[in-house]
Structures are given as structure tokens and as C-alpha cells.
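Trainee: give me a 3D structure for the following:
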Amino acid sequence: MIVVFIALVFCLEIALFNDAGTNTVEIRMLDIASNFIAPRNFDNGREVTSRLVEPTNDDGNYKIDLPPHLLPHPPILPLFNSIPNAEDHIKSVLDGRPTMLGVIALMQKFISELHDSNMKDRESDGQTLLDNFFRITNKHVKPFHDAYKGRTIFPVREDDSIYISLAAFREFFLVETLESAFKNAKHPEKLFVGAVVQNCFGAIRDDGTIDTSGTPCKSGKQKVGVDKNGNDIRKSFDIGVDKNGIEAFCALPDYKKYCDNGQVRVLYQHHFDGQGPSMARFYASKLWGGETFFLQIDSHLRFAHEWDAKFIADTKLTLNYPKSVMSSYPPGFDQIRFIPKKMRVALKGKIDNNTVVESPGCRLCHCGTPPGINPMIHIAQSKSYRGNETRPTQIPFIGAGLVFAHGSFLKDVPFDPYLPYTFMGEEILLAMRLWTNGWNIHAPRKNLVIHQYRPGKLGLPKFYMSIAGM
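Mentor: Predicted coordinates:
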């Protein structure tokens, strides 16, 4: 009741104050005494460093300078790769001298111990598994979380770089999502990806190694017929291991250079160790390396032409910038019903769903609690933009599959490490935390991404099925 009341007050408050080359890669690390370290300065309480990330191609090579804390960049493969001298790197992070290598080493240690605990107690009840999660989180994550309370892990660098936070649970569309993001970006050299890949990597042997042979994984529940009452009959099937979208993306000739350059970071987790989207997004948030902007998305999207520059420009038009968040529910891959009639006429009916049509964005302004024993607040779309607005409209709610904000929001509203198995309620909770910390939420004026919505009839794996089946 308290959460519902706060949400309703939240809605009312917003309603009252709403405002209409080649594949060769060279990494160059600048000397600390050179032009990397800028004078320390603060803007609205956040420390920033002014530094451009620009590729130089005078000799035909793809070159990009990275801050020292991102070097050496952690390996993408093999799976569950151990970082040499991990304990030393972890100690540096907890002592306030963070590097991306140290952060990943710390998160790997946490994920590994959680996995070992789950395997040991896999026959136990749910409460035991939940108690183990909180115990291991308090041991590894809480000290890390507390060490950077009230500040970002890394200083924000003001170079218009974008960090893309991706939670990918047994995701078959991850390669296409990454390819679309880099291909359509105006500045792909300024994109940095942090992916949490939760896959069925194979059968776990008694010694902890992974057997990838045969069909060690289970599909989602797929329709195989109907019963006498007309209800669907669904069944899971034995299948091979899941495709590693990060590995596949980094093998593509046009995109390998971004992986080699350290623009892709990854944490791997066995699918049955996953605790839902809220926790996966917490893990992904820790792979942020100081980029100017933070973009949280689902792992099955397509992007509009020069989407990166357009998101940045729209965000900077908001009256509350930099404490502004852009969010919405994107259109589905079948865009036609989201495109106004006048736009359809102008397009002469030629709508290719592989290309994003920049239709007017929608605004998340409605919420409600459907009847039931345990009703949860549901967020709903409202009317779309008309097309003549001069700046984004403020809205009360977040769509967790599309969140764009200045990186400094991680100081005020860090992701919560204590939300295991949370799905419904994730968005309203984040919206309330943002608003009560001075961050206003706005709707993008145009749809710059489209989303593959996934009804049950697709028969795709769900995280709660993996937990139940472990």
C-alpha cells in the first residue's frame, strides 16, 4: 500500500509540473604527464574529466586512446577466464584505486562463489538459495558498493562517449543488436559495451568443467498441440549449447576492431545462476568505465541512423540536464501501427522493418494496479508526440529496456544489488529512486530504436524456468 501511495503521489506531482577503414588496431596509452590528465573540476557536484576520444586514421589504422583505468582491457574469451593477480586487482578497487580489470575480477569472484553455492545446494529449497545469495552478496558486493557510495567508480569523461549496458539471458539476437548499434552510430568509436551473458554453456561436470557435447540444454516451452479444451500443450526439448553472441560479434570482420580495442566488456554467468533482469542490470552497471552517457537496453533491438548523436542532442534539450533521463517503451519490429498516417503516405508504404522509422515517441504517463491477490503497479503508454514539440516532455515512469542518462546518475542512483528474482516492480522502483534524487524523466521525441517483443508463443527460455529447473 505504501509503494502504491507513493507512486500515485509521484504521478500527481509530474502531472502538475509537466513541461509541454581497416581491421588493424593500435592502442595508444598516453603518458600521465601528457594531455590525458585534465585539471580536476566539478560540475553540479560531480567530478568530470574533459577529454576527447577520437580515432586517428592518418596511417590507415583504427586508433583510439583509452584512459589508463581501462588498460589493459580484460579478455572477452575464453569463458570464465581468470584474471592474473586477481586478488591484487580486487584490493586496489576496494582501496579506492579502481581499474576495469579489478572490477571485473571482483564481479567474477562473486559470480563464481554464487555458482559454487548453487551447485552445492541445488537440491535445497528456494529459501536456502535466497539466503546463500544474500550471504555471498554481503561478502563480496557490499564492500565494493560501500567503497564508492556517493561517487562514481570512475570519473566521468566529457567526450560524448556512450556506455551500452546489456543484460542478455540466453539471447539469440545479441549479435544483431550489437551490429545494428555500431553500424548505425554516427560515432562508433565512442561506443563502449558492457554485456552480462547468461547462457546455457553446457553440462557441468563434477569437477566444475563444462561439457558442450550433445544436447545438454533445454529449450523454452514450445507449443506442440492443444488439449481437448483447446488449451495449448507446451513442451521443452533437449538442444545444443546457446550461441555466445559476444564471441560471434567479435568474429565479424567489420566489428572485430572494436572488441580488440577494448570497447566490449563482458561478464559470463550460467543461466541457472541468473536472478532476473534487475540483478543482471546491476552486474552490467559495474562494467561502466567513465563514459559520458549510460544507455541501458534490452538485447534484442534495432537502431536508427545516427541514433547516438540524436539521443545526446535530445537529452541536452531537457530543462533539467544533466540530471535528465530519457526513457520509453520502443515500438515493436512491426512498426506500422506506430507510424502516423501522414508518415506512411510520405514513405509510400515502403516500410522495411530492418530499418528504424523515426516515428513520434510515446510517453509513459499512466499506471494502474490490476485486480488480484497481489496486484503490482503496471506502467502504460500514453499518447505519442505530435511532432512539433521543441523539447522532450517530462514523464513519471521508466521503461527499463530503454534508459539514457548522463553517467553521473550512477553516483546518485546506483543500481541496487539486493533485488534478486525481481521483474515486475523493477521499473516503478527505479523511477521513484531517480525522481526522489532530483533526476527528471523525459520521453524521447522520436523512436530511435525498435524492440523485438516476445510473447509466450515464441517458446523462448525464461529466467524463472532455468531457476526452477536447476
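Trainee: could you use CA atoms for every contact and neighbour count after this?
Mentor: OK.
Trainee: which element is the residue located most distally from the centre of the chain on?
Mentor: Farthest-out residue of the chain from its mean C-alpha position, per CA atoms, centre = their mean: Lys228, at 42.7 Å. Under DSSP states H and E, no helix or strand contains Lys228.
Trainee: next one: phi and psi at the closest residue to Asp160 other than its chain neighbours?
Mentor: In this structure, Asp160 finds its nearest non-sequential neighbour in Thr292, 5.3 Å apart by CA to CA, 6 or more residues apart in numbering. The phi/psi pair for Thr292 (degrees, to the nearest 10) reads phi -60, psi -40.
Trainee: what residues does Thr292 make contact with?
Mentor: Val156, Arg157, Glu158, Asp159, Asp160, Ser161, Ile162, Tyr163, His406, Gly407, Ser408 (CA atoms under 8 Å, 6 or more residues apart in numbering).
Trainee: which of those residues fall in strands?
Mentor: The members of those that map onto strands under DSSP state E are Val156, Arg157, Ile162, Tyr163, His406.
Trainee: just name the closest of the residues you listed to Ile395, please.
Mentor: His406 (17.3 Å; CA to CA).
Trainee: burial count for the closest one?
Mentor: 25 (other CA atoms under 10 Å).
Trainee: I'd say it and Asn320 touch.
Mentor: No. The pair His406 and Asn320 fails to qualify as a contact (CA atoms under 8 Å) at a distance of 11.3 Å.
Trainee: does Val197 count as helix, strand or coil?
Mentor: When classified by DSSP: H, G, I helix; E, B strand; the rest coil, Val197 comes out as strand.
Trainee: so which residues of the stretch 101-250 of the chain form strands?
Mentor: Remark: strands assigned in the stretch 101-250 of the chain by DSSP state E, counting those that start in this stretch are 156-157, 162-169, 191-199, 203-204, 210-211, 217-218, 222-226, 232-235, 238-239.
Trainee: of those, which is nearest His451?
Mentor: His451 lies closest to strand 162-169 among the strands of the stretch 101-250 of the chain, at 13.7 Å (CA to CA).
Trainee: strand partners of the closest one, parallel vs antiparallel please.
Mentor: Paired strands of strand 162-169, with direction, are strand 191-199 (parallel), strand 293-298 (parallel) (DSSP bridges).
Trainee: neighbouring contacts of that strand?
Mentor: With CA under 8 Å, 6+ apart, strand 162-169 has contacts from 174, 190-199, 271, 277, 280-281, 284-285, 287-289, 291-299, 308, 462-463.
Trainee: what about it, distance to the chain center?
Mentor: On the basis of CA atoms, centre = their mean, to the nearest Å, strand 162-169 sits 3 Å off its chain's mean C-alpha point.
Trainee: same deal with stretch 393-405?
Mentor: With CA atoms, centre = their mean, you get 13 Å for stretch 393-405.
Trainee: ok so, going back, put the buried members of the contacts of strand 162-169 into a ChimeraX selection.
Mentor: A single ChimeraX command selects the buried members of those (16 or more other CA atoms under 10 Å):
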select :174,190,191,192,193,194,195,196,197,198,199,271,277,280,281,284,285,287,288,289,291,292,293,294,295,296,297,298,299,308,462,463
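Trainee: in three-state terms, label Lys257 for me.
Mentor: Once three-state DSSP is applied, Lys257 turns out helix.
Trainee: export the strands of the stretch 101-250 of the chain to TSV and tack on distance to Lys149?
Mentor: Below are these laid out as TSV (distance: least, CA to CA, whole Å):
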stretch	distance to Lys149
strand 156-157	15
strand 162-169	20
strand 191-199	21
strand 203-204	37
strand 210-211	37
strand 217-218	40
strand 222-226	45
strand 232-235	46
strand 238-239	44
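Trainee: would you tell me which of those gets closest to Gly150?
Mentor: Per CA to CA, nearest to Gly150 of the strands of the stretch 101-250 of the chain: strand 156-157, 13.8 Å.
Trainee: what helices or strands is the closest one leaning on?
Mentor: strand 46-49 (3 or more CA pairs under 8 Å, 6 or more residues apart in numbering; DSSP states H and E).
Trainee: hey, which helix or strand in the chain has the poorest pLDDT?
Mentor: Confidence across the helices and strands of the chain bottoms out at strand 25-28, with a mean of 31, counting by mean pLDDT, DSSP states H and E.
Trainee: run through the stretch 251-400 of the chain and note the low-pLDDT ranges.
Mentor: Along the stretch 251-400 of the chain, the model assigns pLDDT under 70 to residues 341-342, 344-349.
Trainee: quick one, helices of it?
Mentor: Along the stretch 251-400 of the chain, the stretches classed as helices by DSSP state H, counting those that start in this stretch are 256-260, 277-285, 307-316, 341-346.
Trainee: what is the first one packed up against?
Mentor: Looking back up the chat, that one is helix 256-260. helix 245-250.
Trainee: quick one: contacts of the helix it packs on?
Mentor: By CA under 8 Å, 6+ apart, helix 245-250 touches 76-77, 171-175, 178-179, 255-259, 266.
Trainee: one more time with 6 Å
Mentor: Leu174, Val175, Lys256, Cys259 (CA atoms under 6 Å, 6 or more residues apart in numbering).
Trainee: nearest spatial neighbour of Gln263, chain-adjacent residues omitted?
Mentor: Per CA to CA, 6+ apart, closest to Gln263 is Phe192, 4.5 Å.
Trainee: return the residues in contact with that neighbour.
Mentor: By CA under 6 Å, 6+ apart, the neighbours of Phe192 are Tyr163, Gln263, Val264.
Trainee: highest neighbour count among those residues?
Mentor: Going by other CA under 10 Å, Tyr163 tops the contacts of Phe192 with 27 neighbours.
Trainee: okay, and the beta partners of that residue?
Mentor: Tyr163 has these beta-bridge partners by DSSP bridges: Phe192, Phe294.
Trainee: any idea how many residues pack against Asp314?
Mentor: By the criterion of other CA under 10 Å, Asp314 has 18 neighbours.
Trainee: again with Glu389
Mentor: 10.
Trainee: same question, Arg151
Mentor: 17.
Trainee: that one contacts Leu410, correct?
Mentor: No. With contact defined as CA atoms under 6 Å, Arg151 does not reach Leu410; the gap is 7.8 Å.
Trainee: so Asp238 touches Thr215, yeah?
Mentor: Yes. Here Asp238 reaches Thr215: they are 5.5 Å apart, a contact under CA under 6 Å.
Trainee: what sits against the closest residue to Arg445 other than its chain neighbours?
Mentor: Computed as CA to CA, 6+ apart, the closest residue to Arg445 that is not its neighbour in sequence is Gly361, at 4.9 Å. By CA under 6 Å, 6+ apart, the contact set of Gly361 is Ser384, Tyr385, Pro444, Arg445, Lys446, Asn447.
Trainee: great, nothing more from me.
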